[in-house]
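1. model this:
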Amino acid sequence: MIELLAPAGDYQKLKTAIHFGADAVYLSGKSFGLRAFCANFDNDSLKQAVEYVRTIGKKIYVTINIFARNADFGELLEHIKILEHLKVDAAIVSDPGIIHFIKTHAKNLAIHLSTQANTTNKYSAKFWSDYAERIILARELSLDEIKEIKDFNPKLELECFVHGAMCISYSGRCLLSDYMTHNKTDKDYRQGNRGECVQACRWPYKISKDDKVASDSNGYIIEEDKKGSYILNSKDLNMIEHLDKLIAAGISSFKIEGRAKSQFYVGAVINAYRRAIDLHKKGIGAAANMEELVSSLNILSNREYTTGFYFSEKPTQNYTTSRATGNADFMALVIKKTNDGIIIEQRNRFKIGDTLKIISPSNINNTQIQIERMYTQDKKGDYTEEIIDAKNVQQKILIHTKLDILIGDLFYM
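-> Okay, here's the model as predicted:
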C-alpha cells in the first residue's frame, strides 16, 4: 500500500489535500513544529482536523520535530497528552529527548522518526525501530541505499520526500539562520531548528571584485553576475517520473513538502501525484500519461527541478535565482454547486471572455471553461447582479456551466 502524504499548513489546505487524493496529511500545532510561520493548528482546529480526517478514513500526523531545549518540556507535556487523547495516527519527532518523553508520558502516541534525525544507514534504522513505527529517511540517500535499509528492516515503514523545496543543509539541520540573526533583537532572532528559518540559503551572496581577494582565497571561488551568486540555493525535488523506482526500493509513503505553500500549489501537486500513483496501481504505463503530469507540475512555482540524491550525489544548486517561478495563477476556488452551475470564490482578477482551466480529481481535470457570464450577490444575498470584472478579493461569484465540477476544485489561468 503506497501512501500519498500531503502538507497541511492550515485547515483549508488540509481539505484541499484530501479533496485531491491525499491518503494522509501532516501538520503542526502552534508550537514544536519546523514551520513556525504557517497558520498551523490550535487545539480546537486540531480537534476539528482529526474529526474531519477520521470521517473519511484518512490519517493525520502531527510534527513535534524541533530540537528541544529544557524549557520546552513543560508545555510539551500538555501537547502530547492532547495528541494522545485525540488519537492522532503519529507524532513526527526528531529529538531523542522528546521520544523518551512521549514513551514515558503518552505511551499510546505512535512515533514517526523525522528526516531531521538523519537516518542514513540500516543499523540506525534498526536501532530506531525499537522506538518508531516509521522512519522518514535522510534526503541524502540513493535508491540503492534505501533498498538496502529496507532489505535489512523488512517490517519497518519507510517514508521519503518526493516533491518540493530542498534544504541545502544536511537533512535540514542548519545553523545559518541562527548565525545570521544572532546579534539581532529577540524579535528578529530566527532559529532554524525551532521552525523560524530565515532562509539564508536563498539570499544572493556577493564577493569583492578585487582579483587579489579571489586569487588568495583557499576556499570556494564564487562567480557572480549583477544579481549575485546563489551558492546555497537548491533546486526543488520532483520525482513524479520515477515512482516505480521508489516503490521498488521499499518506500511506502511518498511525502510532499509544502506546509508554507499555497492552497493552489498543494491541490495541483497532490492531484498530479495521485494520478501517477493510480496509474501505477492499475498497471498502466505512466509514461503514456507522463507528459501531461509533468506539464501540470512545470507550470507551478518552482526553482527548477532535480531528482536530488536518489540517483547520484550530483549538485542540486540553482545558481541563477532563488525566486520560485511559474506561469499559472490561481484564479478561484469552487465552494458550492447550484442547479445550473457553481459558486466560486475569487483569488485573482479575471474578466468576461477569459478562459480558465480546471484542476479536479475527476475526469474533467484540465478542461477549459470560458467565462461568458457571471453574477455576484445583490443586497439580499441572491446571485442576480451581473458583473464583467471579478476584481474584488475573495468575491463570491455564480457561473453557469453544465460541467460536473466538484466543490473544492480549483481554477487557474
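
2. Secondary structure element holding residue 77?
-> helix 73-86 (DSSP states H and E).

3. what's next to that helix, contact-wise?
-> Outside of helix 73-86, the residues within contact range by Cβ atoms under 8 Å, 6 or more residues apart in numbering are 29, 31-32, 43, 46-47, 50, 62, 64, 68, 91, 97-98, 101-102, 105-106, 108-109. Placement of C-beta: from N, CA and C, glycine included.

4. what about burial for those residues, which qualify?
-> Buried residues within those, counting neighbours by 16 or more other Cβ atoms under 10 Å: 29, 32, 46, 50, 62, 64, 68, 91, 98, 101-102, 106, 109.

5. Specify the next element, helix or strand, located C-terminal of the helix holding residue 77.
-> strand 90-93.

6. Now that next one - C-alpha only, PDB.
-> The C-alpha trace of strand 90-93 is given here as PDB (Å, rounded to 0.1, in the frame of the first residue of the first chain):
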ATOM      1  CA  ALA A  90       1.500   9.500  14.900                       C
ATOM      2  CA  ALA A  91       3.800  12.300  16.000                       C
ATOM      3  CA  ILE A  92       6.700  13.100  13.800                       C
ATOM      4  CA  VAL A  93       9.700  13.500  16.100                       C
END
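
7. quick one: the helix or strand that it is followed by to helix 73-86, angle?
-> Downstream of strand 90-93, the first helix or strand assigned by DSSP H and E is helix 96-105. Put simply, helix 96-105 runs at 50 degrees to helix 73-86, going by axes from the mean of the first three to the mean of the last three Cα atoms, to 10 degrees.

8. Quick one: residues contacting residue 317.
-> 168, 230-235 are the contacts of residue 317 under Cβ under 8 Å, 6+ apart.

9. repeat that with 7 Å
-> Each residue near residue 317 by Cβ atoms under 7 Å, 6 or more residues apart in numbering is listed here: 231, 233-234.

10. Neighbours of residue 363, how many?
-> Using other Cβ atoms under 10 Å, residue 363 has 8 other residues around it.

11. State the three-state secondary structure for it.
-> coil (DSSP: H, G, I helix; E, B strand; the rest coil).

12. With adjacent residues omitted, what lies nearest to the residue most central in space within the chain?
-> When Cα atoms, centre = their mean is applied to the chain, the residue found nearest the centroid is residue 258 (2.1 Å). Spatially, and ignoring its direct neighbours in sequence, residue 258 is nearest to residue 7 (4.3 Å; Cβ to Cβ, 6 or more residues apart in numbering).

13. What are the boundaries of the helices in the stretch 251-400 of the chain?
-> 263-281, 287-298 (DSSP state H, counting those that start in this stretch).

14. and those, which one's lowest on average pLDDT?
-> Note on these: helix 287-298 shows the lowest mean pLDDT, a mean of 85.

15. got the angle between that helix and helix 263-281?
-> Using the same axes, to 10 degrees: helix 287-298 against helix 263-281 is 170 degrees.

16. Check which residues of helix 287-298 are buried.
-> 293, 296-297.

17. go on, stretch 268-288?
-> By 16+ other Cβ under 10 Å, the buried positions in stretch 268-288 come out as 268-277, 279, 286.

18. follow-up on the earlier one: need the buried residues of helix 287-298 in a markdown table (columns: distance to residue 134).
-> Shown next, in a markdown table, are the buried residues of helix 287-298 (distance: Cβ to Cβ, whole Å):
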| residue | distance to residue 134 |
| --- | --- |
| 293 | 27 |
| 296 | 29 |
| 297 | 26 |
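
19. Relative to residue 197, which of those residues is nearest.
-> residue 297 (24.3 Å; Cβ to Cβ).

20. residues contacting the closest one?
-> Residue 297 neighbours (Cβ under 7 Å, 6+ apart): 238, 240, 269, 272.

21. Please repeat the previous calculation with a cut-off of 6 Å.
-> residue 272 (Cβ atoms under 6 Å, 6 or more residues apart in numbering).

22. Kindly provide the distance from it to residue 6.
-> Distance, residue 297 to residue 6, by Cβ to Cβ, to the nearest Å: 15 Å.

23. same thing with residue 393?
-> Taken as Cβ to Cβ, the span from residue 393 to residue 6 is 26 Å.

24. Those two: who's more crowded?
-> Per other Cβ under 10 Å, whichever of residue 393 and residue 6 has more neighbours is residue 6, with 30 against 10.

25. Over to that one. Which of the three states is it?
-> Going by three-state DSSP: residue 6 is strand.

26. Verify the contact between it and residue 257 for me.
-> No: Residue 6 sits out of contact with residue 257 when judged by Cβ atoms under 6 Å, with a separation of 10.0 Å.

27. May I ask which helix or strand of the chain has the lowest mean pLDDT?
-> helix 211-216 (a mean of 47; mean pLDDT, DSSP states H and E).

28. and residue 329, what does it touch?
-> Applying Cβ under 6 Å, 6+ apart, the residues contacting residue 329 are 348, 413.

29. And it, what's its pLDDT?
-> 95.

30. Over to it: give its phi and psi.
-> phi -110, psi 130 (degrees, to the nearest 10).

31. Leaving out sequence neighbours, find the closest residue to residue 200.
-> Nearest to residue 200 is residue 176, by Cβ to Cβ, 6+ apart, at 4.2 Å.

32. The one you found: neighbouring residues, count only.
-> Residue 176, neighbours per other Cβ under 10 Å, totals 18.

33. From residue 167, how far off is it?
-> 10 Å.

34. now do residue 256
-> The gap separating residue 256 from residue 167 is 15 Å, by Cβ to Cβ.

35. Contacts only, for residue 138.
-> Applying Cβ under 6 Å, 6+ apart, the residues near residue 138 are 118-120, 171.

36. Could you rerun that using 7 Å?
-> Going by Cβ under 7 Å, 6+ apart, the list of residues near residue 138 reads 115, 118-120, 171.

37. from those residues, which would you call buried?
-> Applying 16+ other Cβ under 10 Å to the contacts of residue 138 flags 115, 118-120, 171 as buried.

38. quick one on the thing from earlier: in terms of neighbours, single out the busier of residue 256 and residue 167.
-> It is residue 256, of residue 256 and residue 167, that has more neighbours when counted by other Cβ under 10 Å, with 25 against 19.

39. Surely residue 235 touches residue 308?
-> No: using Cβ atoms under 7 Å, residue 235 is not in contact with residue 308; the gap is 8.6 Å.
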